[in-house]
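Chemist: coordinates only, sequence not included:
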């Protein structure tokens, strides 16, 4: 009888978030294959399975395929989950690629990450209504780690540095045991499209 081969899990997943408030709807290609169709601002795609290796990421105005708005070479590592965030940097389209949680087994907590994607906002702090800070003075495009929390229904307070008395609240959000989440702050402060948030669950293997 032959021994069963225990091969490593090479399957990876990728998704896309349109967080550029200055850009219209876009189509996203990886080495010529369409992975995101007609993504408008604040849209996030579902995870899709992707092979490992090097890819050419290209972003086009939706419905076109002649002149890319943005091109970048990216590398997909084995057994990873990634979110490609379409952002604005110095007035141009750019990307912020995040490694999402990919943890096996049972966990006794839930986990939260906070990402600042509002290009005209100052430093942002995410905390609880009693002024307990979870993520303090986060910069634009800064990557934070996951913060462990007890599973519960949460209210969060978003405060902006140098904008005294300006607060936003994220209310009645249920965070479940063993799950990973990211809160993204998107949009423009005191301009349109206005400041807002996305709370999304990050993919992981069960």
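Modeler: Perfect, thanks for sending it. Computed from a predicted model, the values in this text were never measured in an experiment. Numbering: from 1, shown residues only.
Chemist: helix/strand/coil for the residue nearest the centre of the chain?
Modeler: By C-alpha atoms, centre = their mean, the mean C-alpha position of the chain lies nearest to residue 83, the distance being 5.3 Å. Using DSSP: H, G, I helix; E, B strand; the rest coil, the structure places residue 83 in strand.
Chemist: which residues does it contact?
Modeler: 14, 15, 16, 17, 44, 97, 98, 100, 182, 202 (C-beta atoms under 8 Å, 6 or more residues apart in numbering). To be clear about C-beta, it is placed using only N, CA and C from the backbone, and glycine gets the same treatment.
Chemist: tell me the spacing between it and residue 23.
Modeler: 17 Å (C-beta to C-beta, to the nearest Å).
Chemist: tell me the buried residues in the helix or strand where residue 93 lies?
Modeler: In this structure, residue 93 sits in strand 92-100 according to DSSP states H and E. Buried residues in strand 92-100, counting neighbours by 16 or more other C-beta atoms under 10 Å, are found at 93, 94, 95, 96, 98, 100.
Chemist: the last one against residue 84, yeah?
Modeler: No: in this structure, residue 100 sits apart from residue 84 without contact. The criterion is C-beta atoms under 8 Å, and the distance is 10.7 Å.
Chemist: strands paired with the strand holding residue 93, and their directions?
Modeler: strand 81-89 (antiparallel) (DSSP bridges).
Chemist: care to break the protein down by domain?
Modeler: Listed by automatic domain parsing, the domain ranges of the chain are 1-100, 103-206.
Chemist: mean confidence score for the shortest one?
Modeler: For domain 1-100, the mean per-residue pLDDT is 93.
Chemist: now swap in the longest one and tell me
Modeler: Here domain 103-206 scores 93 as its mean pLDDT.
Chemist: and that domain, how far from the chain's centre?
Modeler: Per C-alpha atoms, centre = their mean, to the nearest Å, the displacement of domain 103-206 from the mean C-alpha position of its chain is 11 Å.
Chemist: and of the buried residues of strand 92-100, the nearest to residue 74?
Modeler: Of all these, residue 95 has the smallest distance to residue 74: 8.2 Å, by C-beta to C-beta.
Chemist: please name the bridge partners of that closest one.
Modeler: Counting by DSSP bridges, residue 95 forms beta bridges with residue 86.
Chemist: what's the span of stretch 114-134 from first residue to last?
Modeler: From its first residue to its last, stretch 114-134 covers 9 Å (C-alpha to C-alpha, to the nearest Å).
Chemist: can you give me the buried ones in it?
Modeler: By neighbour count with 16+ other C-beta under 10 Å, stretch 114-134 contains the buried residues 114-119, 121-127, 134.
Chemist: cool, stretch 136-153 as well?
Modeler: Those would be 138, 140, 141, 144, 146, for stretch 136-153 by 16+ other C-beta under 10 Å.
Chemist: which residues does that stretch contact?
Modeler: Contacts of stretch 136-153 (C-beta under 8 Å, 6+ apart): 87, 89, 96, 98, 101, 109-119, 121, 123-127, 134-135, 161, 172-177, 180.
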